[in-house]
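In: Quick one: sequence plus predicted model below, questions after.
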Amino acid sequence: MKIFAINPGSTGMKAALYEDLEMLWSESVAYSQEEIDRCKGSPEKEELFRFTNSVEILKKHGNGVSELSAVVGRGGLLRPISGGAWIINEEMAADLRSCRYGRHASNFGGLIAKRISEEAGSIPAFIVDPVCVDEMSEVAHVSGMPNLPKRSVFHALNQKAVAYKVAQKMGKHIDQCRFIVAHMGGGVTVGAHCEGKVIDVNNGLGGYGPMSLERAGTVHAWDLIDLCFSGTYSRKEIERMVVGEAGVAAHIGSRDFRKIVERIHSGDVKAKLIVDALAYQIAAEIGSRAVNLYGKVDAVILTGGLANSAYLCDLIRDRVSWISEVICVPGEDELRALVEGAYKVLSGEEEAHVYEKE
């Protein structure tokens, strides 16, 4: 079975073709500023451009849509749904296209996959573990403001894929495991994985939890209210203070973690303090997830781009190794995770979910 995976980003596209679970090729395309400007303000134009670009990537590698057995796209912002593979139907496409639950580049993943499916003669089309996966327990949704319940927005695709792989290495089924998974990158999310479900997790998109390379994480609400009504800042400026120009980058002016660690080894006291704080906050969130799991944890898993830093992982391990074994699974392979999710359905291991509107 040839499975085509697509992962749209804000300024480009990643794609890969697999034969079952063996990758045939992968490609990352960066769009020019001219291409981005041409589509600005017109979601219809952007959708068509991204679809055309996806087909061109296939052709570049000597493949066509007629060869495909299935297509899978990175899921976008939808109503809260459970994990796994979801069939891309008209109801899902309508919610993605209207941006009913928010605007994000990943919304185009499902839309492009659906178009390719139709072009190929209605082959199966899926999304897998989108950021809106919500398996949180009822009590975990409750906040101190009835009209602002806690929302589940996290790195579901990578967290679940990594948990599944670690379970396999342990010789267990995911339904038998209790993990704490910390995805550490541009955003940081820490999930309590209980027998295949993420029963609690911090909201990594402008929500709460640890700071990250460029996101603020939890801040004092009263101080944030004061900033909002000071008359000094626009809404956009406040948004950038929370996501984009916050976190480690706001403190020390860099998002390049390797260079940041080099600065620490060269004696940069401030850089050391901020990275210590980053590790401290991630470790504290891991500790919270241990409470969610009643202290019964098979492993603490560190993943995402920042898990490539032994320096950071060691700082976190020093604080949380009392909870359980700490396993580092650096980086992320979202294209493979998408394919694995689709393959589970195509091979009969799992059933795909069917999306319905609220």
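Out: All right, it came through fine.
In: From here on, just use CA atoms for contacts and neighbour counts.
Out: Noted.
In: Tell me if I am right that residue 183 is in a strand.
Out: Yes. Assessed with DSSP: H, G, I helix; E, B strand; the rest coil, residue 183 lies in a strand.
In: how deep is it tucked in, by neighbour count?
Out: When neighbours are defined as other Cα atoms under 10 Å, residue 183 has 30 of them.
In: Surely it touches residue 157?
Out: No. Assessed by Cα atoms under 8 Å, residue 183 is found out of contact with residue 157, at 10.4 Å.
In: quick one: the helices in the stretch 251-358 of the chain?
Out: Counting by DSSP state H, counting those that start in this stretch, the segments of the stretch 251-358 of the chain that form helices are 257-265, 269-292, 310-320, 334-346.
In: can I get those helices in TSV with mean pLDDT, distance to residue 102 and mean neighbour count?
Out: Below are those laid out as TSV (pLDDT from 0 to 100; distance: least, Cα to Cα, whole Å; neighbours: other Cα atoms under 10 Å):
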stretch	mean pLDDT	distance to residue 102	mean neighbour count
helix 257-265	96	30	15
helix 269-292	98	26	19
helix 310-320	98	33	17
helix 334-346	95	21	22
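In: JSON lines for those, including distance to residue 243?
Out: Below are the helices of the stretch 251-358 of the chain laid out as JSON lines (distance: least, Cα to Cα, whole Å):
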{"stretch": "helix 257-265", "distance to residue 243": "18"}
{"stretch": "helix 269-292", "distance to residue 243": "16"}
{"stretch": "helix 310-320", "distance to residue 243": "22"}
{"stretch": "helix 334-346", "distance to residue 243": "22"}
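In: List the residues that contact the spatially closest residue to residue 168 that is not a sequence neighbour.
Out: Spatially, and ignoring its direct neighbours in sequence, residue 168 is nearest to residue 174 (7.7 Å; Cα to Cα, 6 or more residues apart in numbering). If a contact means Cα atoms under 8 Å, 6 or more residues apart in numbering, then residue 174 has 163-164, 167-168, 195-196 as its contacts.
In: List just the nearest of those residues to residue 72.
Out: Nearest to residue 72 among the contacts of residue 174 is residue 164, at 18.8 Å by Cα to Cα.
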